[in-house]
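Visitor: Task: produce atomic coordinates for the following.
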Amino acid sequence: MNRFLCAAALLLAGCAANPHRIGDVTEARALSDKGFAMFEAGDYMGAKTALDAVIAYGSIDDKDYTRRAAVYGALKDYERALADNDKALALDPNAWRTHNQRAMFHQRLAQYDAAIADLDVAYRAAPTQLDLLRRRAYLKVVAGRFKDAIEDYDMLADTGAQKAAGILGRGVSLYLDGHWREAADVFTGILQKDPGDGLTAYWLGKASLRAGLPIDLAHFGVHDSKDPSWVMADVLLTSDTIEDATAKIAPLETRGTGACEIQLFYGIWRVLRAGGTGGTPAFQAAEKRCPADSIEASEARVELGRLFAATAGN
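Guide: Prediction:
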């Protein structure tokens, strides 16, 4: 087998005998720690080889499996990562960190309900870990479970450290669920406290137009014309033609704004300012360009659903 094929085969089955020799449990534990250090240093294949040897030796320590799962995750082999998480949980079913890790791999495979179920277990076991609650709320938005997400974001809003994330998340969830006036009220409250928040201004512009509410962003003070979110908010509210909107939005690509956000903007503009004409291809482009587990992709899916429903209704 040539060198290239050997390297390609290492991940699947190993091209040669494992070079590590383990004499006792102490050596196994030391090699596991070494493998984890190699993983942290970015030597994923070296880490996998070490952890393969530890597990083959007959380790009964769940962290050997969670460590190798992390290696598989770094290699984007999520199915094997999940299999190792399952083996770790068979040894320690109540390990919340393992459930949290497994949730991440389910998320990468777009298995959102399974990821949420893992976070349910993790958060029950570690209720002080607010990041678990924040991630669960986020995934509920991605999965289109907006009412469930609102419950989680309300819980976050009752905390100190994650209060701002909880309030914004509630507004976004209300918006995506079609409660535009309520969402506008949430976004208005945020901007009153933080007038420079361009992202919230953009969400407020969308919610206000949808709810038929008058809005003047200048009311919240001077904004940053270099902030892409403020630019999008302004263009959404002031540009009457797609030519004018495009002329102002297209330059954002040279300032780091991705095709995901720009295509999503064009879809929103066409829905709110052009009666939906041309909205479907823009949202389809956004859905293709946005990460599947992003809020932007969720918004694109929601808007496509609305457009298809409107078409079917006609």
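Visitor: Can you check the pLDDT for Cys15?
Guide: pLDDT, Cys15: 48.
Visitor: Going by neighbour count, which residues of stretch 146-164 are buried?
Guide: For stretch 146-164, the neighbour count (16 or more other C-beta atoms under 10 Å) marks 146, 148-150, 152-153, 155-157, 162 as buried. For glycine as for every other residue, the C-beta is placed from the backbone atoms N, C-alpha and C.
Visitor: what about Thr311, neighbour count?
Guide: The tally of other residues near Thr311 (other C-beta atoms under 10 Å) stands at 10.
Visitor: host element of it?
Guide: Secondary structure assignment for Thr311, by DSSP states H and E: helix 295-313.
Visitor: centre of the chain versus that helix, how much separation?
Guide: 19 Å (C-alpha atoms, centre = their mean, to the nearest Å).
Visitor: What of stretch 135-152?
Guide: 11 Å.
Visitor: who touches the closest residue to Asn94 other than its chain neighbours in this structure?
Guide: Nearest in space to Asn94, with sequence neighbours left out and distances taken as C-beta to C-beta, 6 or more residues apart in numbering, is Ala125 at 6.0 Å. Taking C-beta atoms under 8 Å, 6 or more residues apart in numbering, we find Ala125 in contact with 94, 96, 99.
Visitor: Keep only those of those residues that are in helices.
Guide: Using DSSP state H, 96, 99 are the members of the contacts of Ala125 that sit in helices.
Visitor: Go through the contacts of Ala125 and say which is closest to Leu51.
Guide: The nearest member of the contacts of Ala125 to Leu51, counting by C-beta to C-beta, is His99 at 20.2 Å.
Visitor: Now do the helices in the stretch 51-200 of the chain.
Guide: 62-74, 78-91, 96-108, 112-125, 130-142, 146-157, 163-176, 180-193, 198-211 (DSSP state H, counting those that start in this stretch).
Visitor: Dump the buried residues of stretch 146-164 into CSV; add distance to Asp244 and pLDDT as well.
Guide: Listed next are these as CSV, based on distance: C-beta to C-beta, whole Å; pLDDT from 0 to 100:
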residue, distance to Asp244, pLDDT
Phe146, 33, 98
Asp148, 39, 98
Ala149, 35, 98
Ile150, 36, 98
Asp152, 39, 98
Tyr153, 35, 98
Met155, 43, 96
Leu156, 39, 96
Ala157, 38, 95
Gln162, 39, 90
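Visitor: Any chance of JSON lines for these, columns distance to Asp240?
Guide: Below are the buried residues of stretch 146-164 laid out as JSON lines (distance: C-beta to C-beta, whole Å):
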{"residue": "Phe146", "distance to Asp240": "31"}
{"residue": "Asp148", "distance to Asp240": "38"}
{"residue": "Ala149", "distance to Asp240": "34"}
{"residue": "Ile150", "distance to Asp240": "34"}
{"residue": "Asp152", "distance to Asp240": "39"}
{"residue": "Tyr153", "distance to Asp240": "35"}
{"residue": "Met155", "distance to Asp240": "42"}
{"residue": "Leu156", "distance to Asp240": "39"}
{"residue": "Ala157", "distance to Asp240": "37"}
{"residue": "Gln162", "distance to Asp240": "40"}
